[in-house]
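Asks: Attaching a predicted model along with its sequence, questions to come.
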Amino acid sequence: MLQAIGVSVRFGGVAALTDVTVAVAPGEIVGLIGPNGAGKSTLVNVMSGFQHPMPGQVFLNGRNVTRDKAHERAIRGISRTFQAARLFANLSVAQNIAVPAIAHGHPPAESERLAKDLLAWMEMAGLADQKGGALAYAEERKVAIARSLAAQPSYLLLDEPAAGMSEADANYLAEKIREIPGRFGCSVLLIEHNINMVMNVCDRVAVLNFGRLLALGTPGEILENEAVVSAYLGESE
Ligand SMILES: Nc1ncnc2c1ncn2[C@@H]1O[C@H](COP(=O)(O)OP(=O)(O)OP(=O)(O)O)[C@@H](O)[C@H]1O
């Protein structure tokens, strides 16, 4: 289980997070939603080791990893994507995906095979030899997800993977995200403003508002939660 417990973060006078507790269990997809500036990315930064909680703790399978740096947490099985895809422009798509596998100690040939398998899963095998910098926007974002899976994580944190995508691309991505726990043995924490995607894909949904946990429940419970509708869902419809 990946747990953030009692996490607070302040940036000067801004309380980005206040006493937030959220957990992702093995096999689960948990959505993280809320208005702009609610603290979603900050929470993912805390869980992946890019931001220290002040105070608060992060546990991975019962082990306190709060003081572990981002690369140490990556080795222990926490992988993430960023709002910007950040591919290596001059490496091929397959090489981009192989890099994390090599960094996690897999031999190059095995890493390339893994990269090709991940591309085939994303139905992007034909793009393996293209340069990372030559991809269309939606392709780039899908490659970023394949790349984060190449590290063979137990927990994958996705920061707005469908942002700026067409409805068709977002629907396709939703199907792929739904497959991740069963296919890769990897739980997912999904930040998304695309509410249809969150409600279709997630087992549970956490709602942040002004840095506080406003609600946590199944998609059905969240859609009917009056506080969530008035703070967030009402405005997006
Ligand atoms: N590095 C930083 N320095 C100062 N303030 C920050 C920093 N990062 C985030 N903040 C502030 O903390 C609050 C939470 O930001 P955060 O990016 O976590 O929200 P979010 O819910 O992910 O928003 P969005 O949906 O717009 O991505 C905001 O008020 C933001 O301006």
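Replies: Everything's here; your move.
Asks: switch to C-alpha atoms for all contacts and neighbour counts from now on
Replies: Will do.
Asks: Return the residues of the chain in contact with the ligand.
Replies: Phe11, Ala16, Pro35, Asn36, Gly37, Ala38, Gly39, Lys40, Ser41, Thr42 (C-alpha under 6 Å from any ligand atom).
Asks: neighbour-wise, which of the residues you listed leads?
Replies: When neighbours are counted by other C-alpha atoms under 10 Å, Lys40 leads those with 27 neighbours.
Asks: Is Thr18 located within a strand, as I assumed?
Replies: Yes - under DSSP: H, G, I helix; E, B strand; the rest coil, Thr18 falls within a strand.
Asks: wait, what's in contact with the spatially closest residue to it that is not a sequence neighbour?
Replies: In space, and not counting its chain neighbours, Thr18 is closest to Ser8: 4.3 Å by C-alpha to C-alpha, 6 or more residues apart in numbering. The contact partners of Ser8, by C-alpha atoms under 8 Å, 6 or more residues apart in numbering, come to Ala15, Ala16, Leu17, Thr18, Asp19, Val20, Pro53, Met54, Pro55, Gly56.
Asks: Among the residues of the chain next to the ligand, which one sits closest to Gly126?
Replies: Nearest to Gly126 among those, counting by C-alpha to C-alpha, is Ser41 at 32.6 Å.
Asks: Chain neighbours aside, what residue packs nearest to that closest one?
Replies: Asp159 (6.9 Å).
Asks: Turn the contacts of Ser8 into a markdown table, including pLDDT and distance to Ser79.
Replies: Converted to a markdown table, those look like this (pLDDT from 0 to 100; distance: C-alpha to C-alpha, whole Å):
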| residue | pLDDT | distance to Ser79 |
| --- | --- | --- |
| Ala15 | 96 | 26 |
| Ala16 | 98 | 22 |
| Leu17 | 98 | 21 |
| Thr18 | 98 | 24 |
| Asp19 | 98 | 24 |
| Val20 | 98 | 21 |
| Pro53 | 96 | 18 |
| Met54 | 93 | 22 |
| Pro55 | 95 | 23 |
| Gly56 | 98 | 20 |
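Asks: Nothing else from me, thank you.
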